[in-house]
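> Any chance you could fold what I've pasted below:
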Amino acid sequence: MSPVRGVICDFGGVLTNPLSEAFAAVQRSSGIPVAALGSAMARVAEADGAHPLFELETGRMSEADFLDRLARALEPELGRAVELRGYGEAYFSALVPNTELIEYMAALARRGLRMALLTNNVREWQPRWRAMLPVDDIFPVVVDSAFVGVRKPDPEIYELTLERIGLTAPECVFVDDTDVNCEAAEALGMTAVRFDSTAQTIAEVDAALDGSPPATSRGPAA
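So this is what the prediction gives:
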């Protein structure tokens, strides 16, 4: 087994509080039920032949266009005009940095491990999420789906990250909060740690760095 020399970490839901909390904040501020949002997304996907969230996260659709198309698709669901301006502000107002895990990642960087951040994100949101932690001090390599045109769990984005970090898959630990993303990393040969809690994640990453087999921590995708 190759020694672990690098850590590839997700952003939202790992280096922040759970994303479900941010989505709940958006729901409260907009008054739009989650079920209605899901139906509207499906309507846009059917009309366009591509899921709007995937198009947004790969930079093929702007945030403004995404919100406009979603708002128009929500009108027949809710029977009224819908205004989604301020979606990003409401979302980020509920995101809080996971300070303990950020500090742990910074300590790994100081130990000399190669560090990369791999995120499915929105192009227009980059200034907001980067302001939440000292990204460049911890993660010299940042792979943002919105700027590379591919998103997790597509193997291509993992391969691109490995290329940029300069390591092979068996030399890396991958940390993410969703099963499907962890499974894709494992399929390429990485050791995956599915974030459930900060303490559990730190323990499993430490075990991987020590060469011990990580405990199984898979659960429902967050």
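
> When you work out contacts or count neighbours from here on, use the C-alpha atoms and nothing else.
Fine.

> what about this structure, any weak spots by pLDDT?
1, 212-222 (pLDDT under 70).

> Domain parsing of it, as residue ranges.
6-17+96-210, 20-92 (automatic domain parsing).

> for those, which one ends up most surrounded?
domain 6-17+96-210 (a mean of 19; mean count of other Cα atoms under 10 Å).

> any idea how far residue 43 is from the residue in the chain sticking out farthest from the centre?
Centroid-distance maximum for the chain: residue 79 at 32.7 Å, with Cα atoms, centre = their mean. For residue 79, the distance to residue 43 (Cα to Cα, to the nearest Å) stands at 15 Å.

> Report the distance from stretch 95-102 to the chain centre.
Distance of stretch 95-102 from the chain centroid (Cα atoms, centre = their mean, to the nearest Å) equals 14 Å.

> Contacts for it next, please.
14-17, 19, 21-22, 132-133, 198, 202 (Cα atoms under 8 Å, 6 or more residues apart in numbering).

> Let me see the contact set for residue 26.
Residue 26 neighbours (Cα under 8 Å, 6+ apart): 87, 90-91.

> again with residue 144
118-121.

> Just the element for the residue nearest to residue 154 when sequence neighbours are not counted, please.
Once flanking residues are discounted, residue 154 sits nearest to residue 184: 7.5 Å by Cα to Cα, 6 or more residues apart in numbering. Using DSSP states H and E, residue 184 sits within helix 179-188.

> my guess is residue 193 meets residue 201, correct?
Yes: judged on Cα atoms under 8 Å, residue 193 makes contact with residue 201 at a distance of 6.6 Å.

> which residues are common contacts for these two?
The contact lists of residue 193 and residue 201 share residue 175, where a contact means Cα under 8 Å, 6+ apart.

> Strands of this structure, start to end?
With DSSP state E, the ranges of strands along the chain come out as 6-9, 114-119, 141-144, 172-176, 191-194.

> Contacts only, for the closest residue in space to residue 156 that isn't next to it in sequence.
Nearest residue to residue 156, sequence neighbours excluded (Cα to Cα, 6+ apart): residue 150, at 7.2 Å. By Cα under 8 Å, 6+ apart, the contact set of residue 150 is 57-58, 156-157.

> any idea how far residue 53 is from residue 150?
For residue 150 relative to residue 53 (Cα to Cα), the value is 12 Å.

> Next: residue 41.
8 Å.

> Next: residue 62.
10 Å.
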